[in-house]
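Student: compute the structure for the input listed below.
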Amino acid sequence: MNPHHKKNLKLMLMNPRIIIAVSILAVASFAALFAPIIAPYPPDLAELSQRLAKPSWQHLLGCDIDGNDVFTSMLYGARVSLYIAFLTVILSVFLGLTIGLISGYYRGWVDSILMRLVEIVMAVPTLLVAMVLSALLGSSSHNIIFAIVATGWASSARLVRGQVLSVREKEFITACKALGAKDLRVIFLHVLPSVLSPLVVHATFSLSGIIIIEAGLSFLGLGAQDETPTWGALLGQGRTVLTEAPHLSIIPGLAIMLVVLALNFLGDGLRDVLDPKSNLS
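Tutor: As a prediction, the model looks like this:
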């Protein structure tokens, strides 16, 4: 590890926002990963006699309208919610990174065509496109991922393109070309490392946005309904019995808020460490 990386790692470990965020996300990820071990009941065990039961020692977070244990549903729902969020970000960032690198490096007519496409995609609200595609394709986790990726890649492409335009004119890039380096070698060995830091920060903020979009789709009944209900689906379920069983809305709502807040904290902390100039007034 070079001194620059050591310094960044030290700054991360000293940043309270990053520590808080990583702690919350670690707990959520651990709970989702080990849900079959932690959950006190099977996810499909419905006891109608316990319908809308309030939190107790038997059911720590109470039961839902079907008599399912809410704590168990939260654990299994976290697996679906986090799976959708992380896979969507990975695909969106990869697609945006590829298009941004090509557009910014080659410029000319390639850049013009790709940026017009980006502008068209960014002009359409992501949630609206996701709602339409989810309704047309059906409510499954992979359809939700496709629906969000369909527009989510554009912001990453625009960010990467801007970074590439500033990097490609630097002297070390010109020197590489003068020495006969091929375009792919220049892009992957010299241009790509220069755009990764802002892209990581952007991906972190995108995660929180995707969790909110997925929760919104599930709340409206357009989410993944072929698996265990996500946190958004649990939140939507609770709205029908808000006065009778408020815990059904409060618990998943708090979980979504904490994870989104942690991701925003993590994004702010990473931006402080990886791009200190952004905080200079």
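Student: point to the residue nearest the middle of the protein.
Tutor: By Cα atoms, centre = their mean, the chain has its centre lying nearest to residue 207, at 1.9 Å.
Student: got the contact list for that one?
Tutor: Residues near residue 207 by Cβ atoms under 8 Å, 6 or more residues apart in numbering: 85-86, 89, 263. In this view, the C-beta of every residue, glycine as well, is placed from N, C-alpha and C.
Student: now it: how far from residue 263?
Tutor: Per Cβ to Cβ, to the nearest Å, residue 207 is found 5 Å from residue 263.
Student: could you do residue 90 as well?
Tutor: Residue 90 is 15 Å from residue 263, by Cβ to Cβ.
Student: likewise for residue 22?
Tutor: Using Cβ to Cβ, we find residue 22 at a distance of 11 Å from residue 263.
Student: report the buried residues of stretch 104-121.
Tutor: 104-105, 111, 114-115, 118, 121 (16 or more other Cβ atoms under 10 Å).
Student: do the same with stretch 57-64
Tutor: 59, 61-64.
Student: again, but for stretch 127-146
Tutor: For stretch 127-146, by 16+ other Cβ under 10 Å, it's 127, 129-131, 133-134, 139, 141, 143-146.
Student: equivalent analysis for stretch 165-185, please.
Tutor: For stretch 165-185, burial by neighbour count (16+ other Cβ under 10 Å) applies to 167-168, 173, 176.
Student: surely residue 38 meets residue 74?
Tutor: No: Residue 38 is not in contact with residue 74 according to Cβ atoms under 8 Å; the separation is 10.3 Å.
Student: what about stretch 20-38, distance to the chain center?
Tutor: Its chain's average C-alpha position is 16 Å from that of stretch 20-38, according to Cα atoms, centre = their mean, to the nearest Å.
Student: convert that stretch to CSV, retaining C-alpha atoms only.
Tutor: Extracted C-alpha coordinates of stretch 20-38, given in CSV (Å, rounded to 0.1, in the frame of the first residue of the first chain):
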residue,chain,number,x,y,z
ILE,A,20,-21.3,5.4,11.9
ALA,A,21,-22.3,4.6,8.4
VAL,A,22,-20.2,1.5,8.1
SER,A,23,-21.5,0.2,11.5
ILE,A,24,-25.1,0.6,10.4
LEU,A,25,-24.5,-1.0,7.0
ALA,A,26,-22.5,-3.8,8.6
VAL,A,27,-25.4,-4.7,10.9
ALA,A,28,-28.0,-4.5,8.1
SER,A,29,-25.8,-6.7,5.8
PHE,A,30,-25.0,-9.2,8.6
ALA,A,31,-28.7,-9.5,9.4
ALA,A,32,-29.6,-10.0,5.8
LEU,A,33,-26.9,-12.5,5.1
PHE,A,34,-27.6,-14.6,8.2
ALA,A,35,-31.4,-14.2,8.2
PRO,A,36,-32.0,-18.0,8.2
ILE,A,37,-30.0,-18.4,11.4
ILE,A,38,-31.1,-15.2,13.2
